[in-house]
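Peer 1: 3D, please:
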Amino acid sequence: MPDRILKYWNLHKVSILLAFLSAAFYFTFAYHLERTDFVKLLGLFAALFVLCFKLVQFEKWNFKFLLGVGILFRLAFLLAEPNLSQDFYRFIWDGELVSHFINPYLNVPNTLIEQPDLIIANAQELYNGMGSLSAKHFSNYPPLNQLMFALAALLGGKSILGSVIVMRGIIILADIGIFYFGRKLLKNINQSPHLIFWYFLNPLVIIELTGNLHFEGVMLFFFVWALYLLSIHKWQWAAVVYACSISVKLVPLLFLPLFLKHFKFDRAIAFYAIIGVTSLLLFAPFYSSEFVHNYSQTIGLWFSNFEFNASLWNVVKKIGVQFDAKPWELIKTYGKITPILTIVIVLLYTFLRKNQKLSVLLTSMLWVLTLYYFMSATVHPWYVIFLLVLTGFSKYRFPIIWSAAIVLSYFAYSLTDFKENLWLLAIEYLAVLTFLIYELVAYRNKT
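Peer 2: Predicted coordinates:
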């Protein structure tokens, strides 16, 4: 046994040392970083990205090793409260409501906190932590996500850290599931299975999902699982699982029209019907006449009120201001146009692409989501993680560049008023667009 360990060490000592160095950096990120310290944040993120690249380069066929270090990096965050996002306070708040059979879509925290008989554990701390913006809006998290919040509240022992640990456990298990089904799907579409590590070891994924408790990973687990089921022709079960993905985060709704040409017409209708029925069943426990109004109103705010790390919107706003347009009025108009343009793009990719082949369908999804993010007024760093999953199933790698460059958007976190630096955003998007154009030209020349 010692001989085997010594031989393994001699073969992989550089990678082992890189893995331990990465784990130390993740530990520092989790427990010794304030989000206002942008220089330290940038330095740690850049170092982790370089280390990730080297680990994949050296050990891309050593799946057990990279799986193990990926889990180790995630466990470094186990006892840490998120330091880049305060959303987890709202997650626990909603979870407390659901665990006490209170509908989280019917009352805003600003109203509930005034009730003298409020039964939410740590209510004042959660309310203060979530911030005024979240506190004045209805919950926008779909029903399956709400059930996970409730599970965290129930198993967390009325402790914020306890609930954080439960949510972190769910997200880590989801990432392992993405690794498992992602590898299988890559093999089924004749792509190299090692590409899954550009997701599994990516610092943005580990920091924003495991570290900051965003549930995109859980959504992506169901999404990848559904596509794997499609690849083995179990389309009925794929529809059920796809509905679960939508019921964690709504983003997969964007791709539904693309399936129209993937199936024959009658099967496509059946596929949509199963997704619709499953989604209705998941939403049913929360249904009320007020729910529909409140939920649609809250979702609408993302198009017309909020802005962060935008590309096209910042250009439009800059031009509009030159012509005396009011930004708060302009964004409302822009927010009405963006969904229309998105629908047009989706329909073009639905009817002009040969989506019958799964690999083509996945590439169509990549482009639809990319164009949507370029148009969107709000692109939080964790949004790009969806593109990271899709890039492994395509020939394009620009989302990997985006996952590295998007760290520049964190500069806004270093200021109390969250003011963005447009020069840094310009560098981010210039890097992404330059590599994207390079890939398009290179791929076109090759074909």
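
Peer 1: Show me the shaky parts of the stretch 151-300 of the chain.
Peer 2: In the predicted model of the stretch 151-300 of the chain, residues 300 satisfy pLDDT under 70.

Peer 1: Can you show me the helices along it?
Peer 2: For the stretch 151-300 of the chain, the helices defined by DSSP state H, counting those that start in this stretch cover 160-188, 197-200, 203-205, 216-231, 235-246, 265-283, 289-304.

Peer 1: Any idea how many residues pack against residue 37?
Peer 2: Neighbours of residue 37 under the rule other Cβ atoms under 10 Å: 14. In this view, the C-beta of every residue, glycine as well, is placed from N, C-alpha and C.

Peer 1: Find the residue closest to it in space, skipping its chain neighbours.
Peer 2: The spatial neighbour of residue 37 that comes closest, neighbours along the chain excluded (Cβ to Cβ, 6 or more residues apart in numbering), is residue 414 at 7.1 Å.

Peer 1: wait, isn't that neighbour in contact with residue 33?
Peer 2: No - counting by Cβ atoms under 8 Å, residue 33 is not a contact partner of residue 414; they are 11.5 Å apart.

Peer 1: list residues touching both of those two?
Peer 2: The contact sets of residue 414 and residue 33 overlap at residue 41 (Cβ atoms under 8 Å, 6 or more residues apart in numbering).

Peer 1: Okay, and the residue nearest to residue 62 when sequence neighbours are not counted sits in which element?
Peer 2: Of all residues not flanking residue 62 in the chain, residue 12 sits nearest, at 7.4 Å (Cβ to Cβ, 6+ apart). Assigned by DSSP states H and E, residue 12 belongs to helix 2-31.

Peer 1: What residues sit buried inside the very next helix or strand once past that helix?
Peer 2: Next along the chain after helix 2-31, taking DSSP H and E as the criterion, comes helix 38-59. Within helix 38-59, the residues scored as buried using 16 or more other Cβ atoms under 10 Å are 38, 41-42, 44-45, 48-49, 51-52, 55-56, 59.

Peer 1: ok so, going back, now do the same for the residue nearest to residue 37: its pLDDT.
Peer 2: In this model, residue 414 is scored at 84, pLDDT.

Peer 1: What of the one 5 residues further on?
Peer 2: On the pLDDT scale, residue 419 is placed at 85.

Peer 1: Thought residue 412 was touching it, still the case?
Peer 2: Yes - counting by Cβ under 8 Å, residue 412 is a contact partner of residue 419 at 6.4 Å.

Peer 1: which one of those two has more residues nearby?
Peer 2: More neighbours surround residue 412 than the other of residue 419 and residue 412, with 18 against 10 (other Cβ under 10 Å).

Peer 1: got a list of what the more buried one touches?
Peer 2: 308-309, 418-421.

Peer 1: so it sits in a strand?
Peer 2: No - using DSSP: H, G, I helix; E, B strand; the rest coil, the assignment for residue 412 is helix, not a strand.

Peer 1: Residue 420 - nearest residue in space that isn't next to it in sequence?
Peer 2: Nearest non-adjacent residue to residue 420, counting by Cβ to Cβ, 6+ apart: residue 412, 4.7 Å away.

Peer 1: mind checking how far the one you found is from residue 406?
Peer 2: Counting by Cβ to Cβ, to the nearest Å, the gap from residue 412 to residue 406 is 12 Å.

Peer 1: ok, now residue 127?
Peer 2: From residue 127 over to residue 406 (counting by Cβ to Cβ), the distance is 30 Å.

Peer 1: which one of these two has more residues nearby?
Peer 2: residue 406 (26 against 21).

Peer 1: Spit out the contact partners of that one.
Peer 2: 204, 309, 381, 384, 428.

Peer 1: do you know how far the second one is from residue 430?
Peer 2: Going from residue 309 to residue 430 by Cβ to Cβ gives 14 Å.

Peer 1: ok, these two, which is more surrounded?
Peer 2: Counting neighbours by other Cβ under 10 Å for residue 309 and for residue 430 shows that residue 309 has the greater number, 26 against 12.

Peer 1: So which residue is dead centre in the protein?
Peer 2: The structure's the chain has its C-alpha centroid closest to residue 216; by Cα atoms, centre = their mean the separation is 3.5 Å.

Peer 1: Could you check the angle whichever strand or helix holds residue 96 makes with helix 160-188?
Peer 2: Following DSSP H and E, one finds residue 96 within helix 87-99. If you take axes from the mean of the first three to the mean of the last three Cα atoms, to 10 degrees, helix 87-99 sits at 100 degrees to helix 160-188.

Peer 1: After helix 87-99, heading C-terminal, what element do we hit next?
Peer 2: For helix 87-99, the following helix or strand on the C-terminal side (DSSP H and E) is helix 109-112.

Peer 1: list the buried ones in that following helix?
Peer 2: Neighbour-count burial for helix 109-112 flags 109, 112 (criterion: 16+ other Cβ under 10 Å).

Peer 1: one step back: number of residues surrounding the residue nearest to residue 62?
Peer 2: The number of residues near residue 12, taken as other Cβ under 10 Å, comes to 16.

Peer 1: any idea how far residue 174 is from the closest residue to residue 365 other than its chain neighbours?
Peer 2: Leaving out its chain neighbours, the residue that sits closest to residue 365 by Cβ to Cβ, 6+ apart is residue 255, at 5.1 Å. Going from residue 255 to residue 174 by Cβ to Cβ gives 19 Å.

Peer 1: From the contact counts, what lies against the helix or strand hosting residue 438?
Peer 2: Residue 438 belongs to helix 422-446 when assigned by DSSP H and E. Packing partners of helix 422-446 (3 or more Cβ pairs under 8 Å, 6 or more residues apart in numbering; DSSP states H and E): helix 398-405.
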